[in-house]
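K.L.:
Pasting a predicted model and its sequence here:
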There are 4 protein chains.
Amino acid sequence: MSETTPFNAADLQKMFDASPFISALGLEVLSVKADTLEVEVRMPMRPNLERLPDSNQFHGGPIASLIDTTGDFAVGLAVGGGVPTIDLRIDYLRPGFGPYLTARATARRVGKTIGIADVDVFGADGKLVAIGRGCYSAKRG
Amino acid sequence: MSETTPFNAADLQKMFDASPFISALGLEVLSVKADTLEVEVRMPMRPNLERLPDSNQFHGGPIASLIDTTGDFAVGLAVGGGVPTIDLRIDYLRPGFGPYLTARATARRVGKTIGIADVDVFGADGKLVAIGRGCYSAKRG
Amino acid sequence: MSETTPFNAADLQKMFDASPFISALGLEVLSVKADTLEVEVRMPMRPNLERLPDSNQFHGGPIASLIDTTGDFAVGLAVGGGVPTIDLRIDYLRPGFGPYLTARATARRVGKTIGIADVDVFGADGKLVAIGRGCYSAKRG
Amino acid sequence: MSETTPFNAADLQKMFDASPFISALGLEVLSVKADTLEVEVRMPMRPNLERLPDSNQFHGGPIASLIDTTGDFAVGLAVGGGVPTIDLRIDYLRPGFGPYLTARATARRVGKTIGIADVDVFGADGKLVAIGRGCYSAKRG
């Protein structure tokens, strides 16, 4: 995939499935909007993502990983693929429970060297569970 | 474990092993220093933690999770167990490769309601891979 | 002003004018929306806010201060006044020039102990100059 | 000053004094260590830096500005001058009172495009008042 070719949802799902860690999280691409640099991703509950056994509560680690990955490809839409994460901030607002969480990322600005994305994570009830902001390289990793 | 009982390395390893997600990361407690609020944790490479297959490179998600967890229990030493994460910041300095990463967390301050921990993550070669800073509740979750 | 009395724009301007540092920044309250926890504040250029003489460019410090203050009172709308800042993150997206910058803050969540606000800062041309996110105590300082 | 010429404390004080905003803060360079990329800066109390009149308490804005500036030149030691701030994070640990605050910045890593600095801010009593971490461009602004 060249630097200038945007990817669609099916392309992104293939990139997710090619990563062992993202596969272990089970991330599902819901939508990709190349014109507005938006990506929406769902993370269904799995036993290996729980904080405590049979709690149905996601550990914070998968939530941080979901935010990082979704924000990464929102910026990546401007450059044609995944980009290196420079830094990441997560604010945990409420405990996150199954059956799934949904992350919506929007790139706020992509310059020549740096891109910034905001990511909101919602529970199945529509309530905000966490918000994240990532700073990424705007050059392919 | 009461609010006032500090935990040792074996106690912390049991807490790690009781969490499905932390077990999936395979975190190993190296040391716990209750007097200085320091925790050291190792994360060996596993296939499910790789960014790309056979890359031997950790995905950023496990690194963020390692930082969150190690910082959490550094603050938690002051209150006798794990604490809710309020927010978390990760700076990725270099790609992180196997065979393992080591995280060293120190609580910088634990007040009545909030605790802050700094976490440095090193590769097996001793080079800094990532640095993190977490803000945690100083009350048990 | 009691914990339960929301404040309006004139009240907030009085609070700003009572603070020596905020007065030195010259912050002007544009709007306060108690129902949606939103605050809008303008910072006109002044010689003492410049990065370099006659540059017409704001130093990053006043921008960080504008973000902190505007976010603080967005959360503060839920509790009746200013609140202690726990932590603050600023992303600088473009250089900020006079004649003024405008900050729009929205509280994303205010719980029992913690409140989070997002703040966007725009130049007079409407372009995004910086974005900030603050974590505040939800109890009066 | 060329890209490759390190600066000393007197050079840095001149750069500070040439900036209207930094002059308004009254920042004083205490030490510059080019070999370890460390900078130490003092900010004496002034009436225009107070949170409330006659409180002797620094507003959070000057503390954020002190952190940004001190970290900037710690990274800047590697490139010969001030650098653009990409993002900045401040954790406020205790209220900061006069007669002065002291900031100690250390660059944790300076790569080809990005530099990261950690900054600790102490009160005159030696207690930690705030900690900051900044991500800067590693190219001259």
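P.N.:
Good, I have the coordinates. Numbering: from 1, shown residues only, chains lettered A, B, ... in the order given.
K.L.:
Flag every residue of chain A that's near chain B.
P.N.:
Residues of chain A lying close to chain B by CB under 8 Å from any CB of the partner chain are A:18-25, A:47-53, A:59-62, A:64-65, A:68-69, A:84-92. For the C-beta atoms, the positions are set from N, CA and C on the backbone; glycine is no exception.
K.L.:
Other residues contacting stretch A:7-27?
P.N.:
Here stretch A:7-27 makes contact (CB atoms under 8 Å, 6 or more residues apart in numbering or on different chains) with A:1, A:28-32, A:34, A:39, A:41-44, A:46, A:48-49, A:62, A:65-66, A:69, A:73, A:76-77, A:80-82, B:24, B:47-53, B:59, B:61-62.
K.L.:
how close does the residue nearest to the spatial centre of chain A get to chain D?
P.N.:
Taking CA atoms, centre = their mean, the centroid of chain A lies closest to residue A:70, which sits 1.8 Å from it. Using CB to the nearest CB, to the nearest Å, residue A:70 is found at 19 Å from chain D.
K.L.:
Quick check, that residue in contact with residue A:38.
P.N.:
No - in this structure, residue A:70 is not within contact of residue A:38 by CB atoms under 8 Å, at 9.7 Å.
K.L.:
follow-up on the earlier one: can you flag the buried ones in the residues of chain A next to chain B?
P.N.:
By neighbour count, with 16 or more other CB atoms under 10 Å in any protein chain shown, the residues of chain A next to chain B hold A:19-22, A:24-25, A:48-51, A:59-62, A:64-65, A:68-69, A:85-92 as buried.
K.L.:
Just the ones in helices from the contacts of stretch A:7-27, please.
P.N.:
Using DSSP state H, the subset of the contacts of stretch A:7-27 located in helices is A:62, A:65, A:66, A:69, A:73, A:76, B:24, B:61, B:62.
K.L.:
Now do the contacts for the residue nearest to the centre of chain A.
P.N.:
So residue A:70 contacts A:39, A:40, A:41, A:103, A:104, A:105, A:117, A:119 (CB under 8 Å, 6+ apart).
K.L.:
Now, the contacts of stretch A:7-27 that are in strands?
P.N.:
A:28, A:29, A:30, A:31, A:32, A:39, A:41, A:42, A:43, A:44 (DSSP state E).
K.L.:
What number of residues are in the vicinity of the fifth one?
P.N.:
Number of residues near residue A:32 (other CB atoms under 10 Å in any protein chain shown) recorded here: 21.
K.L.:
show me the contacts for it.
P.N.:
Residue A:32 sits in contact with A:7, A:8, A:9, A:11, A:12, A:38, A:39, A:40, A:73, A:77, where contact means CB under 8 Å, 6+ apart.
K.L.:
With the first one instead?
P.N.:
In this structure, residue A:28 makes contact with A:13, A:41, A:42, A:43, A:44, judged by CB under 8 Å, 6+ apart.
K.L.:
Give me the distance between residue A:89 and chain D.
P.N.:
7 Å.
K.L.:
What residues are recorded as beta-bridge partners of that residue?
P.N.:
Beta-bridge partners recorded for residue A:89 (DSSP bridges): residue A:133, residue B:89.
K.L.:
quick one: it and residue D:89 touch, right?
P.N.:
Yes - Residue A:89 is in contact with residue D:89 according to CB under 8 Å; the separation is 7.3 Å.
K.L.:
Am I right that residue A:109 is in a helix?
P.N.:
No - looking at residue A:109 with DSSP: H, G, I helix; E, B strand; the rest coil, it is strand, so not inside a helix.
K.L.:
Just the pLDDT for it.
P.N.:
Per-residue pLDDT puts residue A:109 at 98.
K.L.:
cool, the one 4 residues further on as well?
P.N.:
Among the per-residue scores, residue A:113 shows a pLDDT of 95.
K.L.:
isn't it right up against residue A:135?
P.N.:
No - contact criterion CB under 8 Å: residue A:113 and residue A:135 do not qualify, at 10.6 Å.
K.L.:
which one of the two has more residues nearby?
P.N.:
residue A:135 (23 against 14).
K.L.:
just checking, the more buried one touches residue A:87?
P.N.:
Yes - with contact defined as CB under 8 Å, residue A:135 counts as touching residue A:87 (4.8 Å).
K.L.:
shared neighbours, those two?
P.N.:
Joint contacts of residue A:135 and residue A:87 (CB under 8 Å, 6+ apart) are D:87, D:135.
K.L.:
quick one: low-confidence parts of chain A?
P.N.:
Where chain A drops to pLDDT under 70, the residues are A:1-5, A:141.
K.L.:
Now with 50, please.
P.N.:
Scanning chain A with the threshold set as pLDDT under 50 gives A:1-3.
K.L.:
Alongside chain C, which residues does it contribute?
P.N.:
A:89, A:91, A:93-94, A:108-109, A:111, A:116, A:118, A:128, A:131, A:133, A:135.
K.L.:
Tally up the residues packed near residue A:80, please.
P.N.:
Count around residue A:80 with other CB under 10 Å applied: 16.
K.L.:
next one: residue A:120
P.N.:
Applying other CB under 10 Å, I find that residue A:120 has 18 neighbouring residues.
K.L.:
cool, and residue A:76?
P.N.:
The local packing of residue A:76 (other CB under 10 Å) involves 26 other residues.
K.L.:
now swap in residue A:15 and tell me
P.N.:
Using other CB under 10 Å, the number of residues around residue A:15 comes to 18.
K.L.:
Specify the local secondary structure of it.
P.N.:
helix.
K.L.:
ok, it to chain D distance?
P.N.:
In terms of CB to the nearest CB, residue A:15 sits 24 Å off from chain D.
K.L.:
ok, residue A:37 - contacts?
P.N.:
Per CB under 8 Å, 6+ apart, neighbours of residue A:37: A:74, A:75, A:77, A:78, A:106, A:107, A:110, A:117.
K.L.:
can you put those residues in CSV and add neighbour count and distance to residue D:99?
P.N.:
Formatted as CSV, these follow (neighbours: other CB atoms under 10 Å in any protein chain shown; distance: CB to CB, whole Å):
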residue, neighbour count, distance to residue D:99
A:74, 32, 47
A:75, 28, 45
A:77, 25, 52
A:78, 18, 49
A:106, 19, 46
A:107, 23, 45
A:110, 20, 45
A:117, 31, 43
